[in-house]
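Peer 1: task: produce atomic coordinates for the following.
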Amino acid sequence: MIVSAGKNETFPFARPIGVGLVESAINLTKLCLFNRPEYILFIGSAGSYGKYKIFDIVESKNSSNVELSFLENFSYTPIDNAVIIDTKLTISEVVVNSSNYISTNSNLSKDFLKFNIDLENMEFFSVLSVAKEFEIPAFGIFVVTNYANESAHSDFIKNHKEAMRILVRYLEDKNIIKEAK
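Peer 2: Numbering: from 1, shown residues only. This is a model prediction of the structure:
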């Protein structure tokens, strides 16, 4: 099953699950309970902490839930804040961080790289957490729309339409979907 966040990222071949950690977890759980898929492929946009460039396509089976306050030693968490899916669907080891907030401080964003975290996407941690709970193979394919810096939102808006076109073409080229026209 192919899923996406929805709202700005809807596709005729993907089921929207909601934006952010909570909506996506609730809605994907419902899907898994009532119509268990063989696999879950999450597709969408991502912000880069600096390693990947705008319009790069990145696959991942690893996610984290690290907040900026943790990077500055203003918080801690008693929960496991990393999810790795053991899947053969992708070999990529890229870690995608998820938060309900978009990073806009370029200095702090670079600190994620020290933890080998390269991208951010609001939903991916929830997607992998649900997949792990249900023991469903899962991975994500992302297109970079912006850097995690002060112009993150305006760059996202500016690049989004082209990024979605590039993502669909990638999915077609990999025979994940048939032409989505």
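Peer 1: just checking, which helix or strand of the chain averages the lowest pLDDT?
Peer 2: In the chain, the helix or strand scored least confidently by mean pLDDT, DSSP states H and E is helix 68-71, which has a mean of 80.
Peer 1: what's in contact with that helix?
Peer 2: Under the contact criterion C-beta atoms under 8 Å, 6 or more residues apart in numbering, helix 68-71 has outside partners 75-77, 99, 101, 103, 105, 108, 111-112. Backbone N, C-alpha and C define where each C-beta goes, glycine included.
Peer 1: which of those residues has the most neighbours?
Peer 2: residue 112 (24 neighbours; other C-beta atoms under 10 Å).
Peer 1: is it true that that one touches residue 96?
Peer 2: No. With contact defined as C-beta atoms under 8 Å, residue 112 does not count as touching residue 96 (10.4 Å).
Peer 1: still on that earlier bit, not counting the next helix or strand after the least confident helix or strand of the chain itself, show me its contacts.
Peer 2: The helix or strand immediately downstream of helix 68-71 is strand 82-84, counting by DSSP states H and E. By C-beta under 8 Å, 6+ apart, the residues outside strand 82-84 that reach it are 61-65, 95, 125, 128-129, 132.
Peer 1: swap the cut-off to 7 Å and go again
Peer 2: Strand 82-84 is contacted by residues 61-64, 125, 128-129, 132 when judged by C-beta atoms under 7 Å, 6 or more residues apart in numbering.
Peer 1: could you do stretch 144-151 as well?
Peer 2: 45-50, 52-56, 58, 103-104, 106, 109, 120, 152, 155-156, 159-160, 163.
Peer 1: okay, and which of those residues map to strands?
Peer 2: 45-48, 58, 120 (DSSP state E).
Peer 1: would JSON lines of these with neighbour count and distance to residue 147 be doable?
Peer 2: Shown next, in JSON lines, are those (neighbours: other C-beta atoms under 10 Å; distance: C-beta to C-beta, whole Å):
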{"residue": "45", "neighbour count": "23", "distance to residue 147": "12"}
{"residue": "46", "neighbour count": "28", "distance to residue 147": "11"}
{"residue": "47", "neighbour count": "26", "distance to residue 147": "7"}
{"residue": "48", "neighbour count": "24", "distance to residue 147": "5"}
{"residue": "58", "neighbour count": "20", "distance to residue 147": "14"}
{"residue": "120", "neighbour count": "28", "distance to residue 147": "10"}
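Peer 1: quick one: pLDDT of residue 179?
Peer 2: Per-residue confidence (pLDDT) for residue 179: 57.
Peer 1: going forward, the N-terminal residue is numbered 3.
Peer 2: All right, first residue 3 from here; so that's residue 181.
Peer 1: in stretch 61-78, what counts as buried?
Peer 2: 61-70, 73 (16 or more other C-beta atoms under 10 Å).
Peer 1: what's the answer for stretch 33-47, then?
Peer 2: Buried, per 16+ other C-beta under 10 Å, within stretch 33-47: 33-34, 39, 42-47.
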